[in-house]
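Student: Quick one, what's the 3D model for this:
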Amino acid sequence: MSDEVVAEQGAGRTVELVRYVADVAVPCDVPGRVLRPGVVEVVDGIVRHVGSEASVGGPPGPAAPTVRTVRVPGALLPGLVNVHCHSPMTLFRGSGENLPLHQWLNHVLWPREAQLDPADVFWGMTLAASELLCFGVTTTCEAYFFEDALADAVVAAGSRAVVTPGVLQLPGHPSGEEWWDRRTAEIVDFHHRRHGDAGRIEVGFAPHAAYTVPLPVLVDIASEARRLDALFHIHLAETEEECARFSAEHGGSTPAVLANAGVFDGRVLAAHSIWLSDDDLDVYRSYDVAVAHCPQSNAKLASGVARLVDLLAAGIRVGLGTDGPASNNDLDLWEDMRLAAMLARIRERDAAALPAATALDLATRAAGLSIGRPDLGVLAPGSQADMIAVRLDDPAFVPILDDAQLIEHLVWSASSRLVTDVWVNGMPVVEAGRCLTVDDERARHEVQVRAERLMRAAE
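Tutor: Predicted structure coming up:
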């Protein structure tokens with residue numbers, strides 16, 4: 001990127017307007033919209049104006065802010081939004097391969113997670129933050145433990161996260177009814193202390209699932225989430241087996257039972273949501289339950305293929321998630337974007353089932369909406385200045401015959417390898433493909449050493 005100062009300080013407090021002039025801007029405010037060339041203007045980390053280069057006036061007058069122009073070769077897009085993640089699980093990447101979900105959880109993951117300490121989570125999240133940022137993912141919705149350490153890592157890395165502390169009784173940890181109450185109180189306290197931290201941390205609640213957390217506890221947590229207007233983030237209908245067991249125990253489908261109990265009365269994000277009936281879709285639509293669609297993790301664990309086309313047709317909010325790096329096994333949302341479209345077309349037996357513009361939308365604007373953040377995943381006045389630059393001087397973008405084809409290339413032939421620069425809240429965090437905020441060498445070493453300890457401790 002190159003900077004060119006085109007105006008001097010105005011009267012009073014210095015307010016800098018940064019004008020990003022890109023060969024191409026893809027604002028993602030409307031699926032398929034392309035500006036060639038495009039301009040995005042940012043003040044104090046917030047987008048002020050988006051338009052064509054012709055939409056920008058001349059240098060400001062004496063009372064106007066300082067203006068700095070940044071030339072962006074290639075395409076400028078909003079940062080991607082990963083709506084379901086357990087990023088500190090970089091500590092468990094590649095562990096327990098070739099197992100179905102419940103065997104993997106019970107015999108590999110949970111015994112190791114029971115040995116975690118805050119420093120493990122800090123370094124696992126730190127390594128993940130670098131990976132995510134270099135992939136162009138500026139926001140994640142995290143469900144994990146040791147939430148203070150996780151939030152510390154996000155703040156230090158300069159990324160953005162909705163931190164939803166996990167509620168799950170791990171092997172060897174304290175249990176009983178009192179534990180659930182204490183854990184819920186801990187998250188309420190965490191919300192009071194960290195919500196809004198650095199302008200980049202939002203706090204919610206993440207009870208693991210309806211088959212691991214008792215229904216009365218889910219009701220209590222949902223009540224606290226509603227009281228704080230916080231996101232209630234839960235794994236739901238991920239496997240056919242869990243749905244059958246829950247239905248046999250409670251006499252109805254998981255969505256129906258949770259809705260009747262009042263769990264869906266607030267802001268709800270249901271991760272996976274694969275095994276849904278038509279009646280379940282009606283419940284989601286009636287209660288405005290959003291879905292975190294994780295096609296790559298679901299395929300790798302053979303959990304199933306979600307009814308993505310039906311979800312969208314029903315008007316249900318859907319965003320893309322990678323899930324954790326132990327079940328994906330990376331945090332590359334571009335791969336999930338492409339796979340979501342492919343699996344939808346296979347399921348529907350229709351090559352037009354999910355157009356490229358819709359797939360891109362699921363990782364940007366729609367993802368922001370799915371977590372209740374219309375200011376994320378989009379470049380529009382009032383949105384957060386979370387942006388990524390993508391190289392266009394690559395064979396993946398040849399030829400470009402029209403704007404629609406550029407969007408097609410972004411989804412079908414480009415990839416995260418073409419992300420060059422990333423900004424969060426208007427601040428550069430990746431430059432020329434290198435993360436500026438994380439010591440990658442140290443983070444890799446810390447995660448390697450800690451992963452070895454956790455494996456031995458769980459044996």
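
Student: Could you check how far A352 is from L362?
Tutor: Look at A352 and L362: by CB to CB, to the nearest Å, they are 16 Å apart. For glycine as for every other residue, the C-beta is placed from the backbone atoms N, C-alpha and C.

Student: These two: who's more crowded?
Tutor: Between A352 and L362, counted using other CB atoms under 10 Å, L362 has the larger neighbour count: 29 against 7.

Student: wait, the more buried one sits on R338?
Tutor: No. Assessed by CB atoms under 8 Å, L362 is found out of contact with R338, at 11.0 Å.

Student: Now the common contact residues for these two.
Tutor: Here L362 and R338 share no contacting residue, scored by CB atoms under 8 Å, 6 or more residues apart in numbering.

Student: How many residues are close by Q384?
Tutor: 27.

Student: OK, contacts around the closest residue to it other than its chain neighbours?
Tutor: Taking CB to CB, 6 or more residues apart in numbering, and ignoring the residues beside it in sequence, Q384 has D375 as its nearest neighbour in space, at 5.2 Å. By CB under 8 Å, 6+ apart, the contact list for D375 reads 368, 382-384.

Student: what's D375 sitting at in phi/psi?
Tutor: The phi and psi values for D375, taken as degrees, to the nearest 10, are phi -90, psi 10.

Student: What about A356, how many residues nearby?
Tutor: 21.

Student: The stretch 101-250 of the chain: strands as residue ranges?
Tutor: Secondary structure of the stretch 101-250 of the chain (DSSP state E, counting those that start in this stretch): strands located at 137-144, 160-167, 201-203, 206-207, 231-236.

Student: show me where the stretch 51-200 of the chain has helices.
Tutor: Ranges of helices in the stretch 51-200 of the chain, per DSSP state H, counting those that start in this stretch, are 101-104, 110-113, 118-134, 147-157, 177-194.

Student: any idea how far A290 is from the residue nearest to Q384?
Tutor: Taken as CB to CB, the span from D375 to A290 is 16 Å.

Student: what does A157 give?
Tutor: Distance, A157 to A290, by CB to CB: 26 Å.

Student: any weak-confidence spans in the stretch 1-150 of the chain?
Tutor: The stretch 1-150 of the chain contains residues with pLDDT under 70 at 1-13, 57-64.

Student: middle-most residue in the protein, spatially?
Tutor: The centroid of the chain falls nearest to N82 when counting by CA atoms, centre = their mean (1.7 Å).

Student: Which positions are bridged to it in the beta structure?
Tutor: Counting by DSSP bridges, N82 forms beta bridges with T140.

Student: surely it meets E142?
Tutor: No. With contact defined as CB under 8 Å, N82 does not count as touching E142 (9.1 Å).

Student: Just the pLDDT at P381, thanks.
Tutor: P381 carries a pLDDT value of 97.

Student: number of nearby residues for it?
Tutor: Count around P381 with other CB under 10 Å applied: 12.

Student: Now do the buried residues in stretch 87-106.
Tutor: Within stretch 87-106, the residues that qualify as buried are 87-93, 95, 99, 101, 104-105, counting by 16 or more other CB atoms under 10 Å.

Student: Using a markdown table, please lay out those together with distance to R307.
Tutor: Formatted as a markdown table, these follow (distance: CB to CB, whole Å):
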| residue | distance to R307 |
| --- | --- |
| S87 | 27 |
| P88 | 30 |
| M89 | 27 |
| T90 | 30 |
| L91 | 33 |
| F92 | 29 |
| R93 | 29 |
| S95 | 30 |
| L99 | 25 |
| L101 | 19 |
| W104 | 24 |
| L105 | 24 |
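
Student: What is the nearest of those residues to S277?
Tutor: Taking CB to CB as the measure, L101 is the one of the buried residues of stretch 87-106 closest to S277, at 20.3 Å.

Student: With adjacent residues omitted, what lies nearest to that closest one?
Tutor: Nearest one to L101, counting by CB to CB, 6+ apart, is L301 at 4.8 Å.

Student: so what are the domain limits for this protein?
Tutor: Domain assignment for the chain by automatic domain parsing gives 2-78+387-424, 80-370.

Student: returning to that earlier point: so which of the strands of the stretch 101-250 of the chain gets nearest P216?
Tutor: Nearest to P216, of the strands of the stretch 101-250 of the chain and by CB to CB, is strand 206-207 at 11.5 Å.
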